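In: Quick one, structure for this:
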Amino acid sequence: MATGYVALVLHAHLPFVRHPESDYVLEEEWLFEAITETYIPLLHVFEGLKRDGVDFKMTMSMTPPLVSMLRDPLLQERYDKHLALLEELAQKEVEHNEHNGHIRYLAEHYVKEFGMVRETWERYSGDLVTAFKQFLDSNNLEIITCGATHGYFPLMKMYPQAVWAQIQVACEHYEQNFGRAPKGIWLPECAYYEGVERMLADAGLRYFLTDGHGILYARPRPRFGTYAPIFTETGVAAFGRDHESSQQVWSSEVGYPGAAEYREFYKDLGWEAEYEYIKPYIMPNGQRKNTGIKYHRITDRSGLGDKALYDPYWAREKAAEHAGNFMFNREQQVNHLAEIMHRPPIIVSPYDAELFGHWWYEGPWFIDYLFRKSWYDQNTYDMTHLADYLRMNPTQQVCKPSQSSWGYKGFHEYWLNETNAWIYPHLHKAAERMIELAVREPADQLEWKALNQAARELLLAQSSDWAFIMRTGTMVPYAVRRTRSHLMRFNKLYEDIKIGKIDSGWLEKVEEIDNIFPKINYRTYRPL
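Out: Reported below is the predicted structural model:
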């Protein structure tokens, strides 16, 4: 029997970005980049592990907005065109650099990589949700849910119905897409407040994730810290993030992704190529953008001066070395903890999925090596997913977790500060109005549709991504526009429903644009 457990948890999430009303919106490429650089590379890792007899175990959230976008025919069609342009550019780069040996070698690397992405995309007919579901069905991957639109629960808690709707709509959506109820939930931004566990229990969820201090400051103090889950009084388990393993991957100072051999994220062909040459592959208005073809490695941390050329061979070697180091550190950690605890510890290592591949290009290679090395090269710990762990370890200490998030300083200020505080009075008013509408009985089919669309608009306005973007200072106008447009649509629907004059043509257009949760029932917002 292993001395302990290591649980790798990836949070796969993107805000719902879909614009049928426009031919081109740059923000839709957030999804396209993640498919090319993160989701399909992860599928390649999982397929390779299964092929080679490595019975891997991993937990992964797939949020409702992400699942909805991955299954959307319009976005699938647009991704297909996006990938075709990438393939064309990479092939053009091979020919363009005929006499530049190293760049040509890298261009050929991208041609091969995009070809593999294309093969996988077509093999699953563009349906990556089904691709991930096969690993859920084989019990290698435990897929968990999240808030319906990644709403920030602690800043909604004065309206319990609004929190309940985020949880209930997410669980229903999961069941519609995966054919079963979810066992666990990634609380959006790992943000916990006391009492939310009652709603999780009512929704049939068995566990959630929180940041380490949410467990460490629980009452009574947990005997094993973050190295064992705790049960809340409702029976729902809480798993806490392990600080040590998180820092080794996340940290920009001491984390693996900063190694000199790894690919430099910020030097991209879209910004560096001669303008007329790159023009067909950038934005239709002629503005430059990232293409995903990058030729340089990090080299050093002194800014973006001269960077040496990248070499995937040496980067892969470094990823293997880092996976070995991560394994060694977990062995030491598990052995040390097991001696103190007199029971097997569990190290919970949660990360944003998009870190692996998109931000840290070599991340999927790291995961591949980590599972292989953990399977073949050690017997100190078992890699597990959270559902399996709870099945095998049904007895845990009962405590009340502490309010927390995994944001800056560990509480709520990243989502509530001078950059984004203006949104909350509007969101609170809309929540009040939705709760008021929820008790109505619709007069006809048109009012039924309007009530359901009002629920969609409120959920989309509540996405924590908009407040997050306003705070980070990137793409702020887009986040402001999205918050305002959903609130304006919600308020128009509210007023039209109240006076009994619903604009059916306008409603149809809005339903086509914001088409998330086709089976939503506005009555979810009724008083609890």
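In: ok now do the closest residue to Ser374 other than its chain neighbours, which residues does it touch?
Out: Leaving aside its chain neighbours, Ser374 sits nearest to Met383 (5.2 Å; criterion: C-beta to C-beta, 6 or more residues apart in numbering). C-beta: built from backbone N, CA, C; applies to glycine. Counting by C-beta atoms under 8 Å, 6 or more residues apart in numbering, Met383 makes contact with Tyr5, Val6, Ala7, Leu8, Phe56, Lys57, Met58, Phe371, Ser374, Trp375.
In: what about Met383, distance to Gly324?
Out: According to C-beta to C-beta, to the nearest Å, Met383 stands 15 Å off from Gly324.
In: got it, and His19?
Out: Using C-beta to C-beta, which is the criterion applied here, His19 is 44 Å from Gly324.
In: Heading C-terminal from the top helix by length along the chain, find the next helix or strand.
Out: Taking DSSP state H as the criterion, the chain has its longest helix at helix 312-341. For helix 312-341, the succeeding helix or strand toward the C-terminus, using DSSP states H and E, is strand 346-352.
In: What is that next one packed up against?
Out: Here strand 346-352 touches strand 4-12, strand 237-240, helix 243-250, helix 312-341, going by 3 or more C-beta pairs under 8 Å, 6 or more residues apart in numbering; DSSP states H and E.
In: thinking again about what came up before, pLDDT score assigned to the residue nearest to Ser374?
Out: Met383 carries a pLDDT value of 98.
In: cool, and Glu436?
Out: 98.
In: for Ser302, same thing?
Out: At Ser302, the model reports a pLDDT of 68.
In: Same question for the one 3 residues further on.
Out: The score at Gly305 is 70. That number is its pLDDT.
In: and it, how far is that from Thr299?
Out: According to C-beta to C-beta, Gly305 and Thr299 sit 9 Å apart.
In: So for the two, which sits in the more crowded spot?
Out: Neighbour totals were compared for Gly305 and Thr299, and Thr299 leads with 18 against 7 (other C-beta atoms under 10 Å).
In: re the thing from before, identify the farthest-apart pair in the contacts of Met383.
Out: Farthest-apart pair in those is Ala7 and Trp375; separation 15.2 Å (C-beta to C-beta).
In: Between those two, which has more neighbouring residues?
Out: Taking neighbours as other C-beta under 10 Å, Ala7 and Trp375 compare with Ala7 leading, 26 against 17.
In: Just give the nearest non-adjacent residue to the more buried one, would you?
Out: Val348 (4.9 Å).
In: ok, the one you found - contacts?
Out: Ala7, Val9, Leu209, Thr226, Phe239, Gly240, Arg241, Asp242, Leu386.
In: One more: Pro41?
Out: If a contact means C-beta under 8 Å, 6+ apart, then Pro41 has Phe356, Gly357, Pro364 as its contacts.
In: quick one: which of the residues you listed is most hemmed in?
Out: When neighbours are taken as other C-beta under 10 Å, the top entry among the contacts of Pro41 is Phe356 (26 neighbours).
In: can you tell me how far that one sits from Arg482?
Out: 26 Å.
In: Likewise for His102?
Out: To Arg482, His102 is 42 Å away according to C-beta to C-beta.
In: again, but for Ala107
Out: 36 Å.
In: Those two: which is more packed in?
Out: Legend: neighbour count by other C-beta under 10 Å for Ala107 and Arg482, higher for Ala107 (24 against 21).
In: Could you pull up the residues touching the more buried one?
Out: Counting by C-beta under 8 Å, 6+ apart, Ala107 touches Ala90, Glu93, Val94, His96, Asn97, Ile293.
In: try 10 Å
Out: Ala107 sits next to 89-98, 100, 269, 293, 295 when contact means C-beta atoms under 10 Å, 6 or more residues apart in numbering.
In: In TSV: the helices and strands packed on strand 346-352, plus distance to Phe231 and mean pLDDT.
Out: Listed next are the helices and strands packed on strand 346-352 as TSV, based on distance: least, C-beta to C-beta, whole Å; pLDDT from 0 to 100:
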stretch	distance to Phe231	mean pLDDT
strand 4-12	17	98
strand 237-240	5	98
helix 243-250	22	90
helix 312-341	17	98
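In: And these: which comes nearest Gln134?
Out: Using C-beta to C-beta, the nearest of these to Gln134 is strand 4-12, at 15.8 Å.
In: Now do the helix or strand following the closest one: everything it contacts.
Out: Later in the chain than strand 4-12, the nearest helix or strand by DSSP H and E is helix 29-34. Residues outside helix 29-34 that contact it (C-beta under 10 Å, 6+ apart) are 12-18, 36, 39-40, 65-66, 69-70, 72, 75, 78-83, 86, 283, 289-292, 353-354, 357-358, 465, 475.
In: Now, of those residues, which are buried?
Out: With neighbours counted by 16 or more other C-beta atoms under 10 Å, the contacts of helix 29-34 contain buried members at 12-18, 36, 39-40, 65-66, 69-70, 72, 75, 78-79, 82-83, 86, 290-292, 353-354, 357-358, 465, 475.
In: In helices, which of these appear?
Out: Going by DSSP H, the helices hold Ile40, Pro65, Leu66, Met69, Leu70, Leu75, Arg78, Tyr79, His82, Leu83, Leu86, Asp465 from these.
In: and the fifth one, what does it touch?
Out: Leu70 makes contacts with 12, 14, 31, 34-35, 39, 62, 76, 79, 126-132, 177, as judged by C-beta under 10 Å, 6+ apart.
In: which of the residues in stretch 482-491 are buried?
Out: Across stretch 482-491, burial judged by 16+ other C-beta under 10 Å covers Arg482, Thr483, Ser485, His486, Leu487, Arg489, Phe490, Asn491.
In: my bad, stretch 422-435
Out: Buried residues in stretch 422-435, counted by 16+ other C-beta under 10 Å: Ile423, His426, Leu427, Ala430, Ala431, Arg433, Met434, Ile435.
In: what ranges do the strands span in the stretch 51-200 of the chain?
Out: Along the stretch 51-200 of the chain, counting by DSSP state E, counting those that start in this stretch, strands occupy 58-62, 141-146, 184-186.
In: May I have the strands that pair with the last one, each with its orientation?
Out: Strands adjacent to strand 184-186 in the sheet, as given by DSSP bridges, are strand 141-146 (parallel), strand 207-210 (parallel).
In: Spell out which residues make up each domain of the protein.
Out: Domains of the chain are assigned by automatic domain parsing as 4-71+128-253+344-409, 422-525.
In: would you turn these into TSV with distance to Tyr262?
Out: What follows is those, written out as TSV (distance: least, C-beta to C-beta, whole Å):
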stretch	distance to Tyr262
domain 4-71+128-253+344-409	6
domain 422-525	22
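In: Need the winner for burial among the ones you listed.
Out: Most buried of the domains of the chain by mean neighbour count (mean count of other C-beta atoms under 10 Å) is domain 4-71+128-253+344-409; its value is a mean of 20.
In: Now find how far off-centre stretch 188-205 is within its chain.
Out: 18 Å (C-alpha atoms, centre = their mean, to the nearest Å).
In: What is the end-to-end distance of that stretch?
Out: 15 Å (C-alpha to C-alpha, to the nearest Å).
In: mean confidence for that stretch?
Out: 97.
In: One more: stretch 509-516?
Out: Stretch 509-516 carries an average pLDDT of 98.
In: what helices or strands is the one helix or strand in the chain whose mean pLDDT sits lowest leaning on?
Out: Lowest mean confidence among the helices and strands of the chain (mean pLDDT, DSSP states H and E): helix 243-250, at a mean of 90. Counting contacts by 3 or more C-beta pairs under 10 Å, 6 or more residues apart in numbering; DSSP states H and E, helix 243-250 is packed against strand 4-12, helix 212-216, helix 312-341, strand 346-352.
In: Please name the bridge partners of Val398.
Out: Beta-bridge partners, per DSSP bridges, of Val398: Phe231.
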